[in-house]
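Participant: predicted model follows, preceded by the sequence.
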Amino acid sequence: MKIRTMAGLPLAALTGSLLLGVTAATAADPIKIGVLEDQSGDFAAATLVKVHAIELATEEINKAGGIAGRPIELVVYDTQSDNTRYQEFMRRVLQRDKVDVVFAGFSSASREAYRPIVNQFDGFAFYNNQYEGGVCDANMVVTGAVPEQQFSTLIPWMMETYGKKVYTIAADYNFGQISAEWVRNIVKENGGEMVGEEFIPLGVSQFSQTIQNIQSAKPDFVVTLLVGTAQASYYEQAAAASVGLPMASSVNVGQGYEHKRFTPPSLKDMYVTTNYIEEVDSPASKAFLDKFRAKFPDEPYVNQEAANSYIAINLYKQMVERAGGSTAREDLRKVIAAGDVCFDGPSGKVCLDPKSQHMSHTIFLAKVNDTHGIEFPKVWEDIKPYWLGDAGCDLTKNDPSEQYTPSNPPPKP
Amino acid sequence: MDALGAIFASLYQFGDAFAFLVLSACGLAIIFGMMGVINLAHGEFIMCGAYVTVMANRAGLPLPVAVLAGAVVAGAIGVLVERLVIRHLYARPLDTIVATWGISLIATQGTLIVLGSTMTGVGTPLGSFELAGNSYSTYRLVLMGSAVAVLVLLYLFFNKTRFGVLARATIQVPHMAEALGVDTRLIYAMTFGIGAGLAGLTGGLYAPTMTMVPTMGTTFIMEAFVTVVVGGADVFLGTAPAAAALAIVKASLTSWYGQLFGQIGLLIAVILVIRLLPRGVSGFLLRERA
């Protein structure tokens, strides 16, 4: 590829650019994808694998001839679980490296830190993480699962199975606060009762008092929306104190593979809704896992964000090819607006919703048993990311670039 | 019975917070409080102790021995770090901040590269007991006992043994001690090593209750510095009362308003102490430099 570019006559290139626009002139130039993920710091355990998934997808696509004949070139920076690094590196990939698209972010705090910069430079970014939902922004594509996919399935199921008294402990930042709001609303809609709610600052690792508060409130199950490795110490400490309550979560297991990191049975009766984990027993999942282990034999766990990152690269490839090789964001959004950008990947068939630019998912209910094996008591097929669209976000018509929550929905026209 | 349960619950929470503050701070109290070296790598000595403990336990050593192994390895690394880096910076206290911060970054990133982003823990031993409807982890009582034992042993060690007297003399007036024939370089190295070893002990003790990641040390840092700063000039008579007072603040605020307010309470306490008892902090720093 490189050689052909070098050998191409400057005159031909010049004429090309004059006649056919930038796309044709750079036909053999690589498509640059910026990758900003936490490869060190508090979140690294869950996010190193995302970088590997992107490398795997890139290698496959490049071997098969690239995207519209152009190879992918990754521009990777380690954001160190630090929001200010996201801002620095987002400016760098958009201004200096001039990437075509950016794949970025784990925590919602980091996403909200970099999103204004993507808007400022009118870039295009994929956020491949499950999150608290509500981002209505034409510069963003979100491939992770959102509350209507994770909580509207999980919480009613838990209440039916275990009872209606719920206690939430959540990480104290936008993800935890907004997710807890979703849980609160769903519990109320289903006739349940919140017997307690506590928000834990990131980085807290000692939970004696929290455990005692939970025990005094006597809930039927605990919703754990804890983030980061420090907070993950909760499970070990709760198990040591024999709390013995079932737990429900949108982030554990599927993200931080706590069932692999802790000694059984500390995560017994943890229920998680996830769109992918390596235990998913389907031929597509097995094939994905085999490819992953072949390239990265030491990978501790292939989580849902790995699958989402892998899917995201393939969706991006499809969009660019359907846009005739253009990487211009508006051309790609026209493809998304067609409503049939779908990919049959490790987690089954997923499609992008044009109104919110979020993705549909098959949602697996994963249950951790007493030996930390995974069972799937229930699977919800093809759950759409409907909330934003129903609430009034329609990116095909306008671009508010806002994050909405149930208590702060899009303004009614 | 209910009242008894409530009293026990409060005592347990107080003891738990006290143990965490004392054990977080004890290594730092020696290195920062006594020697005046602002050791930003304190958390990494804790992490080192925790990792060694888990590895030793997995290799077949019983947990108490594994914890001691963690402390010994962290202490040995402490002596090494003192010889190679800290020794040259005693006269430049501000530069030690940069040097120890660098060591901390290298240790965290090095562990990440060599041992990976996480490690499976060993699980909390000893199970739980029940009282008045609540269940409690028995191992937490071991942590409380260890904290008290560490305080007592440190006091005896630095006040009743020959080495302790030499160490305090060396740190107070190094030239005079040297003139009297004390090998001050050895004393400095050993004292730093003891501080690092105590940090390793803390890591080992908390390893069964926590997530094993390279950044685990940072969760101790805030509590450690807060306790030492509040403890002020006298390490041994400072750390214990400081930890007790802070544990009351933290445990009661956490039980009434949640973890966030527990943390806020700690930081406000430190601000108040610095404002009202400035000698608690600057007093001893100035004395060390004299």
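Facilitator: Yep, it's here.

Participant: could you look up the SS state of the closest residue to chain A within chain B?
Facilitator: When scored by CB to the nearest CB, chain B has B:Gly123 as its residue closest to chain A, at 3.1 Å. For the C-beta atoms, the positions are set from N, CA and C on the backbone; glycine is no exception. Counting by DSSP: H, G, I helix; E, B strand; the rest coil, the backbone at B:Gly123 sits in coil.

Participant: what's the burial count for it?
Facilitator: When counting by other CB atoms under 10 Å in any protein chain shown, one arrives at 17 neighbours for B:Gly123.

Participant: also B:Ser137?
Facilitator: Here the count is done by other CB under 10 Å, and B:Ser137 has 27 residues near it.

Participant: that one and B:Thr124 touch, don't they?
Facilitator: Yes - in this structure, B:Ser137 sits in contact with B:Thr124. The criterion is CB atoms under 8 Å, and the distance is 6.3 Å.

Participant: and the stretch 251-400 of chain A, which of its residues are near chain B?
Facilitator: Taking CB under 8 Å from any CB of the partner chain as the measure of proximity, the stretch 251-400 of chain A contacts chain B at A:Lys260, A:Arg261, A:Phe262, A:Thr263, A:Ser266, A:Asp298, A:Pro300.

Participant: correct me, but the first one touches A:Tyr301?
Facilitator: Think A:Lys260. Yes - taking CB under 8 Å as the contact criterion, A:Lys260 and A:Tyr301 are neighbours in contact, 5.6 Å apart.

Participant: who's more crowded, those two?
Facilitator: Set side by side, A:Lys260 and A:Tyr301 give different neighbour counts by other CB under 10 Å, the larger being at A:Tyr301 (21 against 14).

Participant: quick check on that one: phi, psi?
Facilitator: With angles defined as degrees, to the nearest 10, A:Tyr301 sits at phi -160, psi 140.

Participant: so what's it closest to, chain neighbours aside?
Facilitator: A:Tyr257 (3.8 Å; CB to CB, 6 or more residues apart in numbering or on different chains).

Participant: thinking again about what came up before, among the residues of the stretch 251-400 of chain A next to chain B, find me the one that's closest to A:Gly325.
Facilitator: Each of these was scored against A:Gly325 by CB to CB, and A:Asp298 proved nearest at 36.8 Å.

Participant: the residue lying closest to that closest one once chain neighbours are set aside and B:Arg83, how far apart?
Facilitator: Nearest residue to A:Asp298 in three dimensions, chain neighbours excluded: B:Gly116, at 7.4 Å (CB to CB, 6+ apart). The spacing between B:Gly116 and B:Arg83, counted by CB to CB, to the nearest Å, is 29 Å.

Participant: can you map out the helices along the stretch 101-250 of chain A?
Facilitator: Under the criterion DSSP state H, counting those that start in this stretch, helices of the stretch 101-250 of chain A are mapped to A:108-120, A:147-162, A:174-189, A:208-217, A:228-231, A:233-240.

Participant: the last one close to chain B?
Facilitator: Yes - taking CB under 8 Å from any CB as the criterion, helix A:233-240 and chain B are in contact, through A:Ser233, A:Glu236, A:Gln237, A:Ala239, A:Ala240.

Participant: correct me if wrong: B:Cys123 contacts A:Gln237.
Facilitator: No, residue B:123 isn't Cys; it's Gly. No - if you go by CB under 8 Å, B:Gly123 and A:Gln237 don't touch, sitting 11.4 Å apart.

Participant: I'd assumed A:Phe296 was in contact with the residue nearest to A:Asp298.
Facilitator: No - contact status for B:Gly116 versus A:Phe296: not in contact, 11.8 Å apart, counting by CB under 8 Å.

Participant: picking up where we left off before, give the contact list for the residue nearest to A:Tyr301.
Facilitator: A:Ala45, A:Ala46, A:Ile277, A:Pro300, A:Tyr301, A:Asn303 (CB atoms under 8 Å, 6 or more residues apart in numbering or on different chains).

Participant: cool, and A:Leu94?
Facilitator: Each residue near A:Leu94 by CB under 8 Å, 6+ apart is listed here: A:Gly34, A:Val102, A:Ile117, A:Val118, A:Phe121, A:Gly123.

Participant: need the longest helix for chain B.
Facilitator: Using DSSP state H, we find that the single longest helix of chain B is helix B:2-28.

Participant: same for that helix, what does it pack against?
Facilitator: Packed against helix B:2-28 by the contact rule (3 or more CB pairs under 8 Å, 6 or more residues apart in numbering or on different chains; DSSP states H and E) you find helix A:208-217, helix B:42-58, strand B:134-137, helix B:138-160, helix B:184-206, helix B:218-231, helix B:235-257.

Participant: and the fourth one, average pLDDT?
Facilitator: When the per-residue pLDDT values of helix B:138-160 are averaged, the result is 88.

Participant: and it, which residues are buried?
Facilitator: Residues of helix B:138-160 classed as buried by neighbour count (16 or more other CB atoms under 10 Å in any protein chain shown): B:138-144, B:146-147, B:150-151, B:154-155, B:158.

Participant: any chance of a markdown table for those, columns distance to B:Pro64?
Facilitator: Formatted as a markdown table, the buried residues of helix B:138-160 follow (distance: CB to CB, whole Å):
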| residue | distance to B:Pro64 |
| --- | --- |
| B:Thr138 | 15 |
| B:Tyr139 | 12 |
| B:Arg140 | 16 |
| B:Leu141 | 15 |
| B:Val142 | 9 |
| B:Leu143 | 13 |
| B:Met144 | 16 |
| B:Ser146 | 10 |
| B:Ala147 | 16 |
| B:Val150 | 14 |
| B:Leu151 | 19 |
| B:Leu154 | 19 |
| B:Tyr155 | 22 |
| B:Phe158 | 24 |
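
Participant: mind putting those residues in CSV, distance to chain A included?
Facilitator: Supplementary listing: the buried residues of helix B:138-160 in CSV, determined by distance: CB to the nearest CB, whole Å:
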residue, distance to chain A
B:Thr138, 8
B:Tyr139, 6
B:Arg140, 7
B:Leu141, 11
B:Val142, 11
B:Leu143, 10
B:Met144, 11
B:Ser146, 15
B:Ala147, 13
B:Val150, 18
B:Leu151, 19
B:Leu154, 22
B:Tyr155, 25
B:Phe158, 28
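
Participant: return the member of those residues nearest to A:Tyr404.
Facilitator: Nearest member of the buried residues of helix B:138-160 to A:Tyr404, counting by CB to CB, is B:Arg140, at 42.6 Å.

Participant: nearest residue to the closest one in space, please, no chain neighbours.
Facilitator: Nearest non-adjacent residue to B:Arg140 (CB to CB, 6+ apart): B:Asp16, at 5.5 Å.

Participant: same thing with A:Ala113?
Facilitator: Closest residue to A:Ala113 in three dimensions, ignoring its sequence neighbours and counting by CB to CB, 6+ apart: A:Asn83, at 4.1 Å.

Participant: distance of that neighbour from A:Leu36?
Facilitator: For A:Asn83, the distance to A:Leu36 - CB to CB - is 11 Å.

Participant: who has more neighbours, these two?
Facilitator: More neighbours surround A:Leu36 than the other of A:Asn83 and A:Leu36, with 27 against 16 (other CB under 10 Å).

Participant: sweet, I'm off.
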